[in-house]
Every structure is written in C-alpha cells, then in structure tokens.
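Pasting the sequence and the predicted coordinates here, then a few questions.
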Amino acid sequence: MSIERTLTFVKPDAYLYHEKIKETYLKAGLQLVVADTVSLNEEQARVFYAVHKDKGFFNELAKFIASGEIYAMVFEGSDAVSRVRGLMKEKIRPEYASKTDLTKNAVHGSDSTENADQEMKFFAAINEQFRRCLAQ
C-alpha cells in the first residue's frame, strides 16, 4: 500500500450534504489535507473536464458544475485514490446522487494518481487555500 493524495469534490446537487460526505471519508481513515468551497465558471469547468470534451454529456456537465458551489477536498492515505473511489460508489452516490440524471452524481473523484496530481494543480491554480496547503 502506498501513501497517496487524491482530489474529490461534492458537486452542486449534493453541496448541502458536503459535511456529511466529508465525514464519510474521514471515518474511513483518510486524512484531510485541504478543503474549501469553490465556484467554477463554465470555462473553468470545461478545462477541468477536458478529458470528456468529445463525449455527449460534456456541455451539460460543464454547465452543471458551474451552476453552484462545489466543496473540493484533498485526502491523503494508503491507496487514497481507490479508497475514495470505492466510497463514492458504495456509500456516497447511492445516498446522495440523482437516481435519474447521471450528470448529477453527487461527487467527483480522481481516477488515478496521475489525474489526482493534475486535478490538485488545477485547484491550486484557482484557489489560494489549495495553493498554500499543496505547496507544503
């Protein structure tokens, strides 16, 4: 098991539950490195989700992410990427995601350590709190 850092954020549809969602990760033994409420504009959302630019849901996703506040978090721990992804699938999405709209799936989580590094850099570039904490 390797110690990793990963990014996750609560999307606008589940923002009201961000503290409960954060607690889910903490109770699983992950260590919180930094967290902050962030608002992305549509262009920033397009940049963040550029990997999906050729998919049919891309425009809807960018508009949705820009539609309200998100709660971005970086967690650290052994195999953090896979643990966060597992919690998203097994606990968070079943409880907080829309049952009818796949775009409104409550949370985003990095799917690899490489993507986690890129996504953390994205948030560090737009958010002072992330910049300070991730520079350490």
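Okay, I see it.

Which parts of the protein are strands?
3-10, 31-38, 70-78, 107-109 (DSSP state E).

Which other helices and strands does the helix or strand bottoming out on mean pLDDT in the chain contact?
Least confident helix or strand, the chain: helix 128-135 with a mean of 94, by mean pLDDT, DSSP states H and E. Applying 3 or more Cβ pairs under 8 Å, 6 or more residues apart in numbering; DSSP states H and E, one finds that helix 128-135 contacts strand 31-38, strand 70-78, helix 113-126. Any C-beta I mention is one placed from the backbone N, CA and C, and that applies to glycine too.

Buried deepest among those, which one?
strand 70-78 (a mean of 22; mean count of other Cβ atoms under 10 Å).

mean confidence for it?
On average, the pLDDT along strand 70-78 is 98.

list the helices and strands that strand packs on?
Checked by 3+ Cβ pairs under 8 Å, 6+ apart, strand 70-78 has strand 3-10, helix 18-27, strand 31-38, helix 113-126, helix 128-135 packed alongside it.

Out of these, which is closest to residue 53?
helix 113-126 (14.9 Å; Cβ to Cβ).

pLDDT (mean, whole number) over the closest one?
97.

who does it touch, helix- and strand-wise?
Secondary elements touching helix 113-126 (3+ Cβ pairs under 8 Å, 6+ apart): strand 3-10, helix 42-48, strand 70-78, helix 80-87, helix 128-135.

So what touches the second one?
Read that as helix 42-48. 40, 53, 58, 61, 62, 63, 65, 66, 119, 122, 126 (Cβ atoms under 8 Å, 6 or more residues apart in numbering).

So how do I select the buried members of those residues in PyMOL?
PyMOL command restricting these to the buried ones, with burial defined by 16 or more other Cβ atoms under 10 Å:
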select buried, resi 40+58+61+62+65+66+119+122+126
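
Adding distance to residue 72, write the contacts of helix 42-48 out as TSV.
Shown next, in TSV, are the contacts of helix 42-48 (distance: Cβ to Cβ, whole Å):
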residue	distance to residue 72
40	9
53	21
58	20
61	16
62	16
63	18
65	11
66	14
119	9
122	10
126	10
